[in-house]
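Undergrad: Structural data only, the sequence is not supplied:
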Ligand code: CAA
Ligand code: NAD
């Protein structure tokens, strides 16, 4: 496809706002959409403060920062994405909700536009089958936080074309990321390995093997992870972790992927992690 000049990002939460920031900093016009205007206002201020922090640390020039901020638009109207060359969906990790968005997107997006999903675990083939352009649907899995993490995991659905794959890889590299490629199986590469570790950390806490602090310190200092698994779960969002475990359990069919009851209970209690001010840890 021709050079990507305008990107639509759908979902203004932690991933969507980070993806919008990253793409704007790389000279691409971005329109960020969320159903909730309050989310867009929070995203706008967190992107501005993150970009300004980079300027104050001399990691970004003032002119690149001003350009980036000018490239960003915010909307609640899906029709505003009808001019986008490439659309990245980063909404809630639910197959049903994502599918219904893809049905709508297929209707409003340019016929040449690629529809990418930032899903952590859900089948790209099934999302693609809700559109009339499955060859232009692909998984483009950014890591959190998108401006910092160096990886994008690209997931090919059953019908993803070589041209769509090549365009997505080129865009990822333009954003400064290293690309890995996964076949379309639940959890792909990264979360197939990461989430069972996080789930096991919950079982370790649930069965009183150790305190949360000792579990995290053990993995941080014992295996040189930047964050312990419980701290990382709070950072990702416990709701996202639980949704991924459910997809792994349903898709791979082994009991070892069964979500830990403590993780389920925290989500039931609304303890979703840092974004809610409380998860495994209390951030208030
Ligand atoms: N935007 C831009 N820059 C950011 C940022 C953001 N949202 N968050 C942090 N940074 C920058 C900081 O400015 C800082 O830059 P300098 O070193 O140049 O000063 C750098 O990142 C480090 O940040 P901090 O000093 O504030 O904090 P830290 O050293 O603890 O690092 C971290 C923060 C990068 C998040 C680090 O703790 C880390 O790597 N944690 C693990 C993250 C991880 O594993 N992510 C993957 C999760 S799994 C996933 O994403 C897939 C999924 O589907 C669930
Ligand atoms: P989040 O809860 O922070 O944000 C999701 C946003 O989507 C919310 O602002 C919500 O208002 C919005 N939304 C919901 N339905 C919508 C719709 N129909 N149209 C437009 N907006 C809608 O979630 P997040 O952590 O940013 O995760 C988003 C996606 O990225 C999920 O698929 C998740 O699995 C994936 N992901 C998350 C992480 C992570 O660490 N949190 C990492 C990689 C990938």
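TA: Done, it's in. Just so you know, these numbers come straight off a predicted model, no measurement behind them. Numbering: from 1, shown residues only. Ligands and ions are numbered 1, 2, ... in the order given.

Undergrad: switch to C-alpha atoms for all contacts and neighbour counts from now on
TA: Noted.

Undergrad: what about residue 192, helix or strand, and which?
TA: helix 190-206 (DSSP states H and E).

Undergrad: Then residue 121?
TA: With DSSP H and E as criterion, residue 121 is part of no helix or strand.

Undergrad: could you give me the average pLDDT of stretch 145-160?
TA: Averaged across stretch 145-160, the pLDDT comes to 98.

Undergrad: Over to stretch 232-248?
TA: Here the average pLDDT along stretch 232-248 is 98.

Undergrad: do stretch 53-66 as well
TA: For stretch 53-66, mean pLDDT rounds to 95.

Undergrad: buried sites along the longest helix seen in the chain?
TA: Ranked by number of residues, the top helix in the chain under DSSP state H is helix 37-56. Neighbour-count burial for helix 37-56 flags 39, 40, 43, 44, 46, 47, 48, 51, 52, 55 (criterion: 16 or more other CA atoms under 10 Å).

Undergrad: Could you point out which of these is nearest to ligand 2?
TA: residue 39 (5.5 Å; CA to the nearest ligand atom).

Undergrad: What residues does the stretch 151-284 of the chain have near ligand 1?
TA: When proximity is defined by CA under 6 Å from any ligand atom, the stretch 151-284 of the chain lies next to ligand 1 at 226, 227, 236.

Undergrad: who touches the residue of the stretch 151-284 of the chain found nearest ligand 2 in this structure?
TA: At 3.6 Å from ligand 2, residue 236 is the closest residue in the stretch 151-284 of the chain, using CA to the nearest ligand atom. Residue 236 sits next to 144, 273 when contact means CA atoms under 8 Å, 6 or more residues apart in numbering.

Undergrad: And the strands in the stretch 51-200 of the chain?
TA: Taking DSSP state E, counting those that start in this stretch as the criterion, the stretch 51-200 of the chain contains strands spanning 72-75, 86-89, 114-117, 137-142, 151-156, 178-182.

Undergrad: State the mean pLDDT of the third one.
TA: In this model, strand 114-117 has a mean pLDDT of 98.

Undergrad: could we number from 51 for the rest of this?
TA: Okay, using 51 as the starting number, the last item reads as strand 164-167.

Undergrad: In its sheet, which strands sit next to that strand, and in what direction?
TA: If you go by DSSP bridges, strand 164-167 pairs up with strand 136-139 (parallel), strand 187-192 (parallel).

Undergrad: cool, the last one as well?
TA: According to DSSP bridges, the neighbouring strands of strand 228-232, each with its direction, are strand 201-206 (parallel).
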